[in-house]
Structure formats: C-alpha cells, structure tokens
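Engineer: I would like to see how this sequence folds:
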Amino acid sequence: MLIECVPNVSEGRRPEVIEAISGSVSSAPGVILLDRSVDADHNRMVLTLAGSPEGLKEAILRLYAAALEHIDLREHRGSHPRMGAVDVVPFIPIRDATMEDCIVLANEVGQAVAEKFGVPVYLYGQAATSPKRRSLPNIRQGEFEGLAEKMADPAWKPDFGPDRPHPTAGASAIGARFFLLAYNLQLDTPDVKVADAVARSVRALSGGLKNVQAMGVFLADRNQAQVSMNLLNYAQTPLHRAQELVKAEARRYGARVLTSEIIGLIPQAALLEAAAYYLQVENWDPNLVLENAILQKQASEGGVSMGVPESGAAGGFARLSVTGFLDRLGAAQATPGGGSVAALAGALAAALVRMVSGLTMGKKGFEGVAEEMASLRNRGETLAAALTAAIDEDSAAYEAVMAAYGLPKGNDAEKAQRTEAIQAAMQQAAEVPLRVAEMCREAAEMALTALRQGNPNASSDGAVALLLALSGLEGAALNVATNLDAIQDPEFIAAKQQKLEQLFTEDARLRAAMWTAVRERIRSLPSS
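Structural biologist: Okay, here's the model as predicted:
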C-alpha cells in the first residue's frame, strides 16, 4: 500500500529550521521524501512524502516534534494564511490504497498528534466529520490570531485534542483528499488588488471554476502580485482551463501572466492534458507519448509491466498474453483463480469506460459533458492499472496462505507459529479481494455515467463495462466471504461483513440503474 502525504509547515525563511524539519521526516523508515518546496514570501514549506501508512504516521509525529521545537506562530509572519505550525496534513491514495484507507490514517494520526503534542486537530476533506469542515479555508478562517475566539464556539470544537489553541503551534487540519495541484501564476504588476480580483473570478466559492481555490498574494522579494491556486481535482478542472481563465481575467485589468509555478509534485496526466490542449492534438491519447507507448508495448509482450509488481510464486500473470492467461487459468492449479479473474473483470470495465469517454470527448453535441468524460478517462486509466496489479496480488495472497499451511506443526511452539501465520495470511487474502470489490464498485459507477452521458453509439460498450464491473464486484466479494470462514478474529470478521453488506447494497442499486439506463437507451432509438 502506497500513500502520499503533503504536509504544509509554517516556515520558509530560516535555513537551519527548514533543514531540521525536513530532516526529521526523511529519516523515518518506510517513507521517501520526494520533494521540498520552500517559499520565503509565503513563509511556508511544502513537503511531499510517500510511504506505507505505518511509516507515514511515524514521519508525521517526527515532523510535529521538530516543528513545535522551532516554530512559534506568535512571531510568524507570511503572505499565506495559516493556523498551525504544521498547518495541514493531507493523505492521498496512490497505489493499492483507497480513500477509506486514507481516512482511517487521518483519524489515527490526528488522534496521536493531539495526545502526544496537545495540538487540536480538525479532520478535513474526505475525512471531515461535518460538511463545513470539508473545506480547508473554512477551518483556517481567522488564522492563528483568531483561533482562540473561533474555538470558543461549540460548533468549532476540534475532532481531537484540547478546546483551545496550542500556545505556539495553534491547530492543525489533517485529512484525506484527491491529488491536489498547488499552481501559482505570477502577474506583471505589483498590485495585489488585481490578483485578488482575478482570484475572486476564478475560484469556485465566488462562482468561478469548479474545484478551484484561489487568492491574491503579494511577493515582496519580487515586488510582484501572484494568483495562488489549489486545483482540487485536475481531472475535472484541468490545469490549462484554470490558467486560461486567469489570463482572461488579468487582461481586464491590463495585466498579463508572466510565469507559472508548481508547488510540490504533479502527475504526468495533468501535464499531458495541458500539452494536448495547447498543441490542439485532435487524436490525443496518452500512448502517443513515446515512453508510454514503449511501456505499453513491453507490458503486452511480457516485458516490463506498467505498475504491476512481481508476485513471487504467482509469476506475474498480468503480463501474460490473453491466450497465455487463459491457458494458465484453465490449468489444474490453484492460481490464478476466481479472485484474479474478478480483478481482471474490473480492469476490463475501467478500460471500456476510457474507450467510451474517448469516443465522446470532442464530439459535436457533447460539449456539456466534456469535463465529466475527461475525468472518467483519467480515473479509468488509474483504476485499470490498480486492478491489473490486483490480478497478481490476489494470486500472491493465496500462495502465502498455502505457504503458511505448509509450515511445520510438530511441537506447541511450531503449532502456535503456524496458526499465527495462517491467520495473518488469511486476513491478507480477505483484504485483497475486498479492495478489488471496492475498486470494481467505483468502476461500475463510472460505467453507469458513461452509459447515461456518453456517445450513444458506444452505449453497448458502457453497458458491458457495467456488467463486467458488477461481476468483478460480486466475484471479489464472494472471495472475501469465503476467506472469512477461516479467520478467528471476530472484530476483523465483523468489520469486513459490514463492508460486504454495503457493497452488496451498492451492487443491487447499480444493477437496477443499469437496466433502467439500457431501457431508456432503447426507447430513445428512432422507430422503424
């Protein structure tokens, strides 16, 4: 499981403090420090980490220890709003992780931070405990200086920690969210009022672009105004659309965009969509990019796979040709089995969703759903890769169960060790198909959207995608239920049973919605 974390720290001017804080996380086991962006005008540092849930939890606790030692918000000044020494800590699912995993991690880290450091914590984004706490600006409004008065209101009682600010570190927002792009545009004017006006026109809160937060900032070192933006969902509101609106609004005030700035890291898909837009590529596809085409070709011919890990004894089934996979599937061997096939069904569904969205984008009469189709296309690519990887993960999980059953059981110590190994392996063998079922449910939601809103010439493809996704969901869920029979932990069983009930409810809803959509498509056909 790989999760990204992008903590924002209120320090961007003192080199020795910057090194101490960033060094505290880079030494944490199981975590990689991918990027460090420091801005003296904002007096803020943004770190980009990736790692396991356990590693990230340890890294963030180390980060707080270093930040609280060196930062006193009573003396802190900068152009960026802030309410905490460690201002915000978001978790983002990257590989083999769901949003639910990130929500659980946000809760665990928030509670640990509050208990260990006495810093009040608000859960935000997808982890928020109330609608008004989803938005980070809502939580941060009033900043550190207004925090004590704000927290006196029972409506702003923190989710964890004391009902008053930490004297030097304020409060923190810890949450889970989709990948966010921090994207700034520098104007050719020092007038921050112009940047403020442009930001008001661009941001969603003022009636601008969906998924965009924006504010005007004055950069003292440059004597320049900046429109600072957070793009909350680059798939639905792409980079180039935000940039073009900023340019248009700036022209109203006689200003121009001179340069842009990316804070932290950016997914390749976001840059490729912007390149396709500015180059006006009418036959755009990610595999037009040389490196992507090479990887895709290698994957299809049994070379380097696209994000599909080796699966030990399972042998990398996802890299086989179609006929090779079918031959191996039909052999009298335990792997690959039904769990791998469920993952494959979901991957096929996600790929079909990409196809339908691609056949809809840019077509006359479908301008109103262009954003939705672009989002489906990008998310479909990510989901297909994750489900493809799960083909091998399911087989590897089953191989681990068989290995545990093969351990010696002579004396009492060996029996106990064997039992413990079997239980751990069985729990993992239940976790993998549960993740597959959850991803298949998402693929089914996407397929339903493609069926309802996509090009009617591809409606049967959307319906097939939905059928495949639901089959993958049901097949994976059955694998979970089967594996639960051998697990002895009642709390684990109860938690998974609850998730299965939710998945089966969603499955029934989506299947009914599919047939309704299919009938509507049939009725819309011209009479003969």
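Engineer: from here on, contacts and neighbour counts on C-alpha atoms
Structural biologist: Will do.
Engineer: pLDDT score for Lys247?
Structural biologist: If you check Lys247, the pLDDT there is 96.
Engineer: how's this structure carved up into domains?
Structural biologist: According to automatic domain parsing, the chain comprises the domains 2-176, 181-267, 286-524.
Engineer: Export those to JSON lines and append columns for distance to Ala276.
Structural biologist: Shown next, in JSON lines, are the domains of the chain (distance: least, Cα to Cα, whole Å):
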{"stretch": "domain 2-176", "distance to Ala276": "24"}
{"stretch": "domain 181-267", "distance to Ala276": "10"}
{"stretch": "domain 286-524", "distance to Ala276": "9"}
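Engineer: worst average pLDDT in those domains?
Structural biologist: The minimum mean pLDDT among those belongs to domain 286-524 (a mean of 83).
Engineer: Over to Glu11. Which of the three states is it?
Structural biologist: coil (DSSP: H, G, I helix; E, B strand; the rest coil).
Engineer: wait, doesn't it sit right on Arg44?
Structural biologist: Yes. Counting by Cα atoms under 8 Å, Glu11 touches Arg44, with 4.5 Å between them.
Engineer: Pipe the domains of the chain into CSV and attach distance to Ala275 and mean neighbour count per row.
Structural biologist: Converted to CSV, those look like this (distance: least, Cα to Cα, whole Å; neighbours: other Cα atoms under 10 Å):
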stretch, distance to Ala275, mean neighbour count
domain 2-176, 23, 20
domain 181-267, 9, 19
domain 286-524, 11, 19
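Engineer: For Ala274, which of the ones you listed is the nearest?
Structural biologist: Of all the domains of the chain, domain 181-267 sits nearest to Ala274, with 5.3 Å by Cα to Cα.
Engineer: next one: the closest one to chain centre, how far?
Structural biologist: Centroid displacement of domain 181-267 relative to its chain, using Cα atoms, centre = their mean, to the nearest Å, is 23 Å.
Engineer: swap in stretch 346-366?
Structural biologist: Distance, centroid of stretch 346-366 to centroid of chain: 21 Å (Cα atoms, centre = their mean).
Engineer: And for stretch 3-14?
Structural biologist: The chain centroid and the centroid of stretch 3-14 are separated by 19 Å, computed with Cα atoms, centre = their mean.
Engineer: likewise stretch 449-469?
Structural biologist: Between the centre of stretch 449-469 and the centre of its chain there are 25 Å (Cα atoms, centre = their mean).
Engineer: Pull up the distance across it, start to finish.
Structural biologist: End-to-end distance of stretch 449-469 (Cα to Cα, to the nearest Å): 13 Å.
Engineer: what does stretch 127-139 give?
Structural biologist: For stretch 127-139, the separation between the terminal residues is 13 Å (Cα to Cα).
Engineer: wait, what's in contact with Gly84?
Structural biologist: Shown in contact with Gly84 (Cα atoms under 8 Å, 6 or more residues apart in numbering): 9-10, 73, 144, 169-172.
Engineer: on that earlier part again, any idea which of the domains of the chain gets closest to Tyr278?
Structural biologist: Nearest to Tyr278 among those is domain 181-267; the distance by Cα to Cα comes to 8.1 Å.
Engineer: now the strands for this protein?
Structural biologist: 2-5, 8-9, 31-39, 44-51, 86-95, 121-125, 172-176, 181-187, 212-219, 224-231, 257-263 (DSSP state E).
Engineer: For Ser524, which of those is the nearest?
Structural biologist: Closest to Ser524 of these, according to Cα to Cα: strand 212-219, at 36.6 Å.
Engineer: same for the longest helix seen in the chain, what does it pack against?
Structural biologist: Criterion DSSP state H: the longest helix present in the chain is helix 412-453. Helices and strands touching helix 412-453, as assessed by 3 or more Cα pairs under 8 Å, 6 or more residues apart in numbering; DSSP states H and E, comprise helix 338-360, helix 370-405, helix 459-484, helix 490-524.
Engineer: Redo those as a markdown table? Include distance to Leu209.
Structural biologist: Shown next, in a markdown table, are the helices and strands packed on helix 412-453 (distance: least, Cα to Cα, whole Å):
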| stretch | distance to Leu209 |
| --- | --- |
| helix 338-360 | 22 |
| helix 370-405 | 12 |
| helix 459-484 | 28 |
| helix 490-524 | 30 |
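Engineer: those helices in the stretch 201-350 of the chain, which residues are they?
Structural biologist: Assigned by DSSP state H, counting those that start in this stretch, the stretch 201-350 of the chain shows helices spanning 239-252, 268-279, 290-300, 322-330, 338-360.
Engineer: Tabulate those (CSV), appending distance to Ala225.
Structural biologist: Below are these laid out as CSV (distance: least, Cα to Cα, whole Å):
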stretch, distance to Ala225
helix 239-252, 11
helix 268-279, 24
helix 290-300, 38
helix 322-330, 56
helix 338-360, 39
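Engineer: No more questions from me, cheers.
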